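> sequence and predicted model, in that order:
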Amino acid sequence: MVTNRIRLFDVIVVGAGPAGMMAAGQAAKSAASVLLLEKTDAVGKKLSITGQKRCNLTNTIDLAGFIGHFGRNGQFLRQSFHRFFRAELLAFFTELGVETEVERGGRIFPSNGDAAFVTERLLDWVKNTGVHLITGQHVHQILVKDRRVTGIHIKQDQTICSRSAILCTGGATYRGTGSTGDGYRMAQAVGHTIIPLRPALVPMKTNGDLAQRMQGLPLRNIRMQVFFSGTRAIDAFGEMLFTHFGISGPIVLTHSGEMVDALRGGKAVKIAIDLKPALDHGQLDQRLVRELNDGGKQYIRTMLKHLLPHKMIPVCCEECQVPFDKPCHQIKAEERKRMVEWMKSLELTVSAPLSMESGMVTMGGIALDEIDSRTMMSKKINGLYFAGEVMDLAADTGGFNLQAAFSTGYVAGSSVFPDNK
Ligand SMILES: Cc1cc2nc3c(=O)[nH]c(=O)nc-3n(C[C@H](O)[C@H](O)[C@H](O)COP(=O)(O)OP(=O)(O)OC[C@H]3O[C@@H](n4cnc5c(N)ncnc54)[C@H](O)[C@@H]3O)c2cc1C
């Protein structure tokens, strides 16, 4: 229990996610007194649900490609990755008894596929480094005097003094894991700029009830083109999913950040799904002609089973104004053309991201030009450091976000004392 004033710590780390645990353990290696404060009752709650609880730790892609996954802000990470990248992260976890293996897309997971195990091993390491950890301790404020960190406030009248603080409070999504955006408020209160927060890796809502009528239906091997105010901005192949509110699934999540920003910029966002990307219009038309001939007196709904998933058939018929139970041999050429067009370009209008809460990561955060990328120290406040998602850094799926959290945590923790190289 921390009582009213005042023990002096060299470093206080706020938030025990991957960035905070790495930063705290690393700082403690220089024999400094390190206090790690976590507001929930357990460390690494978000870490334990990553990768569908399998924890996609990092990726085999080369450095340039890795940085590219963070968009324009990726260059900020170059210095951190130079000091602590994939090889160092994997060696670190091997030392902790976490073996890893590579999966599709270069994604690296623990071999036992257990995110909770990664969290446990990380926690053991933190404890072994001598970090003083307190859970259930909500930090409210970073205390600053003459542009220097002097400590933190945990409750109205409770202060803990320190020479430095590392803010690792994560983003503002999946609030149940403790990431409720506190770090943004604390950083802003001491003069930092917060780039507007937006959800990324987030399902998207669509207008009308088209998606709803096919909710639960996954689509594989489709092409998704996205148009921002009429200009094609995204052309992706892969898997997606219809839901009761709109669309989700891998290619939607991957490109959701771009769609969120386009909507914020006032652009109309329209999606065209090509259900048969292996066939051009002419080939698909020929295929339909063949199927209709073979179908003869069969209902169109029966014939369409050869081309579409079950749930999509009534929707296709309604949208193309083709009676569900019309025999194949009575289908007119214009009806067939409408079906070809629909299958090649199923259109949806995107209205908004599902919610801030439902994003897997937060875009925006503490402005990077106010942070020294070599040390993670604030350029405004001496002794204040940042690590992880609280900064204006976000990547798509593939293990990039965790690597960034660990790398920046490592750099912040190692830089907090200049003699700790
Ligand atoms: C469902 C899901 C799956 C994901 N899967 C992957 C994946 O497989 N691979 C990948 O690379 N990324 C994945 N991510 C993203 C990744 O989890 C985050 O980018 C990463 O956890 C960020 O680490 P962090 O330490 O910066 O923040 P967080 O993990 O969010 O940790 C922040 C910590 O700070 C604490 N805190 C907040 N405010 C306070 C306060 N005021 N006082 C004290 N403590 C506070 C929080 O309780 C929390 O424990 C996933 C995210 C989600 C939501």
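Yep, that arrived. Because the structure is predicted, anything quoted here is derived from the model rather than measured.

> alpha carbons only for contacts and neighbour counts from here, please
Will do.

> secondary structure element holding Lys297?
Using DSSP states H and E, Lys297 sits in no helix or strand.

> pLDDT at it, what is it?
Note for Lys297: predicted pLDDT of 94.

> for it, which residues are in contact?
Lys297 makes contact with Pro327, Cys328, His329, according to CA atoms under 8 Å, 6 or more residues apart in numbering.

> what's the separation between the residue of the chain most remote from its centre and Leu57?
Centroid-distance maximum for the chain: Lys297 at 50.5 Å, with CA atoms, centre = their mean. From Lys297 across to Leu57, the span is 56 Å (CA to CA, to the nearest Å).

> cool, Lys344 as well?
For Lys344, the distance to Leu57 equals 37 Å [CA to CA].

> out of these two, which sits in the busier spot?
Leu57 (27 against 21; other CA atoms under 10 Å).

> so Leu197 sits right up against Gly365, yeah?
Yes - counting by CA atoms under 8 Å, Gly365 is a contact partner of Leu197 at 6.2 Å.

> quick check: bridge partners of Ile273?
For Ile273, the beta-bridge partners are Met224, Leu346 (DSSP bridges).

> what's the neighbour count on it?
23.

> so who does it touch?
Here Ile273 is in contact with Ile222, Arg223, Met224, Gln225, Met343, Lys344, Ser345, Leu346, Glu347 (CA under 8 Å, 6+ apart).

> cutoff 6 Å now
Arg223, Met224, Ser345, Leu346 (CA atoms under 6 Å, 6 or more residues apart in numbering).

> neighbours of the second one, how many?
Looking back up the chat, that one is Met224. When neighbours are counted by other CA under 10 Å, Met224 comes out with 24.

> wait, it touches Gly238, no?
No - assessed by CA atoms under 6 Å, Met224 is found out of contact with Gly238, at 8.1 Å.

> one step back: so which of the contacts of Ile273 is the closest to Ala211?
Nearest to Ala211, judged by CA to CA, of these is Leu346 at 10.5 Å.

> returning to that earlier point: comparing Leu197 and Gly365, which residue is more hemmed in?
When neighbours are counted by other CA under 10 Å, Leu197 and Gly365 differ, and Gly365 comes out ahead with 27 against 17.

> mind listing what the residue of the stretch 201-350 of the chain found nearest the ligand touches?
Closest residue of the stretch 201-350 of the chain to the ligand, CA to the nearest ligand atom: Leu201 (8.7 Å). Shown in contact with Leu201 (CA under 6 Å, 6+ apart): Leu253, Thr254, Ser256, Gly359, Met360.

> try Val149
Leu143, Ser164, Gly383.

> the ligand next: which of these are close?
Contacts with the ligand are made by none of the contacts of Val149, judged by CA under 6 Å from any ligand atom.

> secondary structure, neighbour count and distance to Leu402 added to those residues, as JSON lines?
Listed next are the contacts of Val149 as JSON lines, based on DSSP: H, G, I helix; E, B strand; the rest coil; neighbours: other CA atoms under 10 Å; distance: CA to CA, whole Å:
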{"residue": "Leu143", "secondary structure": "strand", "neighbour count": "22", "distance to Leu402": "29"}
{"residue": "Ser164", "secondary structure": "strand", "neighbour count": "28", "distance to Leu402": "24"}
{"residue": "Gly383", "secondary structure": "coil", "neighbour count": "23", "distance to Leu402": "24"}
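
> just the closest of those residues to the ligand, please.
Leu143 (13.4 Å).

> about what we covered before: turn the contacts of Val149 into JSON lines, including pLDDT.
Shown next, in JSON lines, are those (pLDDT from 0 to 100):
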{"residue": "Leu143", "pLDDT": "97"}
{"residue": "Ser164", "pLDDT": "96"}
{"residue": "Gly383", "pLDDT": "97"}
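
> for Thr58, phi and psi?
When read as degrees, to the nearest 10, the backbone of Thr58 gives phi -160, psi -160.

> so what sits opposite it in the bridge?
Beta-bridge partners recorded for Thr58 (DSSP bridges): Ile108.

> what's the neighbour count on it?
The number of residues packed near Thr58 is 26, by other CA under 10 Å.

> returning to that earlier point: mind checking which of the contacts of Lys297 land in helices?
Among these, none falls in helices (DSSP state H).

> re earlier: now, of the contacts of Leu201, which are buried?
When these are checked for burial by 16 or more other CA atoms under 10 Å, the buried set is Leu253, Thr254, Ser256, Gly359, Met360.

> circling back: what's the closest of the contacts of Ile273 to Cys316?
Nearest to Cys316 among the contacts of Ile273, with distances taken as CA to CA, is Leu346, at 9.4 Å.

> neighbours around the closest one, how many?
Going by other CA under 10 Å, the residues that sit close to Leu346 add up to 18.

> adjust the sequence numbering to begin at 20 for everything that follows.
Shifting the count to begin at 20 puts that one at Leu365.

> so what pLDDT did it get?
98.

> okay, helices next: where are they in the stretch 120-269 of the chain?
Here the stretch 120-269 of the chain has its helices, by DSSP state H, counting those that start in this stretch, at 134-147, 201-208, 229-232, 269-283.

> and Pro328, which of those is closest to it?
helix 229-232 (13.0 Å).

> what is that closest one packed up against?
Applying 3 or more CA pairs under 6 Å, 6 or more residues apart in numbering; DSSP states H and E, one finds that helix 229-232 makes contact with no other helix or strand.

> could I have that helix exported to CSV, CA atoms only?
Taking C-alpha atoms only, helix 229-232 is exported to CSV below (Å, rounded to 0.1, in the frame of the first residue of the first chain):
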residue,chain,number,x,y,z
LEU,A,229,-27.6,-5.5,-47.4
ALA,A,230,-24.9,-6.6,-45.0
GLN,A,231,-27.4,-7.4,-42.3
ARG,A,232,-29.3,-9.7,-44.7
